[in-house]
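1. model this:
(chains A and B)
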Amino acid sequence: MKKILLAVFGILALAFATLTPAFAQSKGTVYYMVPTLLDEFQTGSVSALELFLKQVGYEMKTLNADNKTDAQQSQMNDVIALKPSAIILAAVDFNALKPSIEAARAAGIPVVEFDRQITSTPSDFTSVAGTVEIGYVAADQAEKLLKAKNGSVKGKILQVLGDPGDPYTLDIQKGFEEKMKAFPDVKIISVPAMQWEASNAGTIVADQMLANPDIDLIFSHAAHLSVAAVASLEAAGKKPGDVMLMSSNGAPVGLDLIRKGWLNVEVEQPLYAQAAAVAMFMDKVVNKQEIKPGEYEVLGLKSTVTKEAWGPNIKIPGAAITKENVDNPAFWGNMKPPSDTVKPIE
Amino acid sequence: MNPRTRHALEFALDNLVWFMLVFVLVVFSIFIPNYFQLGIFANIIEASSVLGVMSIGLALVIITGHMDLSVESVAALGAMAVGILFCSAGIGLGVQLHPEWLMVPVSLLLALIVGGIIGVINGYLVVKVKMSAFIITLASYIWVRGLVLVISGGRSAQDLAPAIRWFGIQRLLGLPLTAWIAISCFVVFSLIMAKTPFGRHLVMIGGNETATFRAGIRVNRNLVIAFVLAGAIAGLAGWLLAIRTSGATANLGVGLLFNAFAAVVIGGVSLKGGVGTLPGVYAGVLLLSAINTAINLMGLPANFTQVIHGMLVLAAVLLDAFKQTIRQRLA
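-> Residues are numbered from 1 along each chain as shown, chains lettered A, B, ... in the order given. As a prediction, this is how the structure comes out:
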């Protein structure tokens, strides 16, 4: 009996011994407030942030707001009471979370904004690809595709938005339509897919292809909407290449559609680089050190830190993925996290 | 009032939702460009297949005087289970069976079993443990959606096996087979409700559970069967949903529950139980689908869809009250 007890205590002691250094190495706990987990980009952001923050010595915990603003506000209040080293916020609603950010900073907890930029109140660091900029990149690609097909930039585009209550999709729309204004011969039909639900997008495409059979390009604001769009096109007897398709966010399903010839372009959000940038600057954020403006290389991407009215802001360019570069492992949609270790900025 | 007028009035009251559907289709065809074409009408029927099937299960439970809020999440779980096994991209395992057609019954059976299991849990807790159907099925609505998230990890399955996807592409008389499946379900369950003792017992239970019990009818057994059927039918809706979108995402089917409720109420099923027919529910589903299509073609902001759905439900409830008043006068 004694031997058994000794063995159990021995194992426990060994377990503690292995755990203790891990605790000692941790620089602190960072909370990530993710807006939803019903989306591949967001799910990917959790694992990417966790991976990179661990490399620079932080433990990360995630709270999911299920796309509910009030739930995220409550979570912010709870996390403030826990006094973590920092909070990373991907806000459900860009404006409604402003008081929560202010409350956290007033309690001495730095706030990092991830993916969704909030400009109405200061924060300690912002890492974004820029949703409006995604719209710009998409517009550049639409220009090229229409020119290649019709000889000049003219034609009809069906823009399948996400949920009309989500500022993320509205910003992409804003950027896209702002740039496309330069081409008066392009007609854009915009229809939102309620709650980002794929079958809603499928219905929109099926209806619009009947009402407007001359649609040249379908631009969906998320790759999973393109999957349903393709299903509707297929059901209508279309083949890859009959209608040009483009979507944004760079999810794995979008890359698969490029490989199958259905999707012409996927505008990538540089998820890995966005997450790596947060980890690289986390020491400076936590220790409240100055983040200097300038150019930084984040996972090989040239990124620019600027000093904005709302604080230091790093903008990482989104890329256009086509069949020529679809297999590049740097795209998060290929699900190959970078093997290089991220190092904190000195 | 002479018998002929009375008969005509009763016929109109019984089929009010069908008249509303015809009226709406005529108005939209006149005023919305490109609406009046066979392809658009086929789209309306096709787009209503998933919602229609889901509404059948929901209507069965509501007719018994209970409710099932879990149908939307159950459909999503059914779709995800099929997607994970039979999709070849994303998180799909790409399971292959030989001969290929075997994947159709296996995937369908899987979706039905998944839905049926949730139905058994709901039915047992509501009927045997005597807990509130609202609370139990609300809990299922939440935990089943959570389960979808857990098994998918938030990722999606894509590229459904062609043998299964065939039902979404192949057309018969201009309609995809998925739409025919939904229509067949309505025909079969309408006959069950109207022509079999089981169907009549469900209506009786909804009308007066105690009186039905005293008449020697096995109320508990029939209620459990209604919940299991609702679950299994939701699983079938999930199977159709996976076919329609060629896979499954974690948020697949979000919002369908409220549309299903709207269709059931517009279709003339009383939330108090004991009243309602499935053809009326199908008319309600088609009406919602016709309006959605109109909104898509008009390019109205989608928020209008919800406003119009809400107004329609309100109008249906008011009409129902109006119908009851007229019936009382006729009696």
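2. and the gap between the residue in chain A that chain B sits nearest to and A:L82?
-> Minimum separation of chain A from chain B (Cβ to the nearest Cβ) falls at A:T43, amounting to 3.2 Å. Backbone N, C-alpha and C define where each C-beta goes, glycine included. Relative to A:L82, A:T43 is positioned 24 Å away (criterion: Cβ to Cβ, to the nearest Å).
3. Give the residue from the two that has the larger number of neighbours.
-> A:T43 (22 against 11; other Cβ atoms under 10 Å in any protein chain shown).
4. Could you look up the SS state of that one?
-> Reducing the assignment at A:T43 to three states with DSSP: H, G, I helix; E, B strand; the rest coil gives helix.
5. Which residue, other than its chain neighbours, is closest to the residue in chain B that chain A sits nearest to?
-> With distances taken as Cβ to the nearest Cβ, chain B approaches chain A most closely at B:G154, which sits 3.2 Å away. Closest residue to B:G154 apart from its sequence neighbours, by Cβ to Cβ, 6 or more residues apart in numbering or on different chains: A:T43 at 3.2 Å.
6. ok, the one you found - contacts?
-> Contacts for A:T43 were tallied using Cβ atoms under 8 Å, 6 or more residues apart in numbering or on different chains; they are A:L37, B:G153, B:G154, B:R155.
7. Now the buried members of those.
-> The neighbour-count test (16 or more other Cβ atoms under 10 Å in any protein chain shown) marks A:L37, B:G154, B:R155 as buried among the contacts of A:T43.
8. Dump those into CSV; add distance to A:N200, pLDDT and secondary structure as well.
-> Shown next, in CSV, are the buried ones among the contacts of A:T43 (distance: Cβ to Cβ, whole Å; pLDDT from 0 to 100; DSSP: H, G, I helix; E, B strand; the rest coil):
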residue, distance to A:N200, pLDDT, secondary structure
A:L37, 20, 83, coil
B:G154, 19, 81, coil
B:R155, 20, 83, coil
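9. which residue ranges form the strands in the stretch 1-150 of chain B?
-> The residue ranges that make up the strands of the stretch 1-150 of chain B, judged by DSSP state E, counting those that start in this stretch, are B:87-90.
10. what does it put close to chain A?
-> When proximity is defined as Cβ under 8 Å from any Cβ of the partner chain, the stretch 1-150 of chain B approaches chain A at B:33-35, B:37, B:39-40, B:43, B:46-47, B:50, B:89-90, B:149.
11. Helices along the stretch 201-331 of chain B, start to end?
-> Taking DSSP state H, counting those that start in this stretch, the helices of the stretch 201-331 of chain B run over residues B:209-214, B:219-245, B:256-266, B:278-298, B:303-330.
12. Read off the pLDDT value for the nearest residue to B:V219 once chain neighbours are set aside.
-> Residue nearest to B:V219 in three dimensions, not counting chain neighbours: B:F213, with 4.7 Å by Cβ to Cβ, 6+ apart. In the prediction, the pLDDT value recorded for B:F213 is 91.
13. separation between the residue nearest to B:G154 and A:D66?
-> 13 Å.
14. Tell me the residues that contact both of those two, please.
-> Once Cβ under 8 Å, 6+ apart is applied, the residues that A:T43 and A:D66 both contact turn out to be A:L37.
15. which one among the residues of the stretch 1-150 of chain B next to chain A gets closest to B:C185?
-> The shortest separation between B:C185 and any of those is 11.2 Å, and it belongs to B:V50 (by Cβ to Cβ).
16. my guess is that closest one contacts B:G235, does it?
-> No. B:V50 lies out of contact with B:G235 (Cβ atoms under 8 Å); the separation is 12.0 Å.
17. what residues are up against B:R171?
-> By Cβ under 8 Å, 6+ apart, the residues touching B:R171 are B:L177.
18. and what of A:K288?
-> For A:K288, the contact set (Cβ under 8 Å, 6+ apart) comprises A:P110, A:D124.
19. okay, and for the stretch 101-250 of chain B, where does confidence drop off?
-> Counting by pLDDT under 70, the stretch 101-250 of chain B contains no low-confidence range.
20. sorry, back to before: I'd guessed the residue nearest to B:V219 sits against B:N222; true?
-> No. Counting by Cβ under 8 Å, no contact exists between B:F213 and B:N222, whose distance comes to 10.3 Å.
21. out of the two, which sits in the busier spot?
-> For B:F213 versus B:N222, neighbours defined as other Cβ under 10 Å are more numerous around B:N222 (19 against 14).
22. How much space separates the more buried one from B:S70?
-> Distance, B:N222 to B:S70, using Cβ to Cβ: 19 Å.
23. again, but for B:F322
-> B:F322 sits at a distance of 32 Å from B:S70 (criterion: Cβ to Cβ).
24. Pick out whichever of the two has more residues nearby.
-> With other Cβ under 10 Å as the criterion, B:F322 and B:S70 differ in neighbour count, and B:S70 comes out ahead with 31 against 12.
25. Quick check: chain neighbours aside, which residue is closest to that one?
-> Distance criterion Cβ to Cβ, 6+ apart; nearest residue to B:S70, sequence neighbours excluded, is B:S140 at 3.5 Å.
26. isn't that neighbour right up against B:I118?
-> Yes. In terms of Cβ under 8 Å, B:S140 counts as a neighbour of B:I118; the distance is 6.0 Å.
27. coming back round to it: with distance to B:F258 as extra columns, can I get the contacts of A:T43 in TSV?
-> Listed next are the contacts of A:T43 as TSV, based on distance: Cβ to Cβ, whole Å:
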residue	distance to B:F258
A:L37	22
B:G153	27
B:G154	23
B:R155	26
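28. Mind telling me what element A:Y296 is part of?
-> When elements are defined using DSSP states H and E, A:Y296 is found to belong to strand A:294-298.
29. Sorry, wrong one. I was asking about A:K156.
-> Short version: A:K156 belongs to strand A:155-161, going by DSSP H and E.
30. Format the CA atom coordinates belonging to that strand as CSV.
-> Only the C-alpha atoms of strand A:155-161 are listed here, as CSV (Å, rounded to 0.1, in the frame of the first residue of the first chain):
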residue,chain,number,x,y,z
GLY,A,155,-20.9,44.5,-67.3
LYS,A,156,-23.1,43.3,-64.4
ILE,A,157,-21.9,42.3,-61.0
LEU,A,158,-24.0,40.5,-58.4
GLN,A,159,-22.7,41.4,-55.0
VAL,A,160,-23.8,38.9,-52.3
LEU,A,161,-23.3,40.7,-49.0
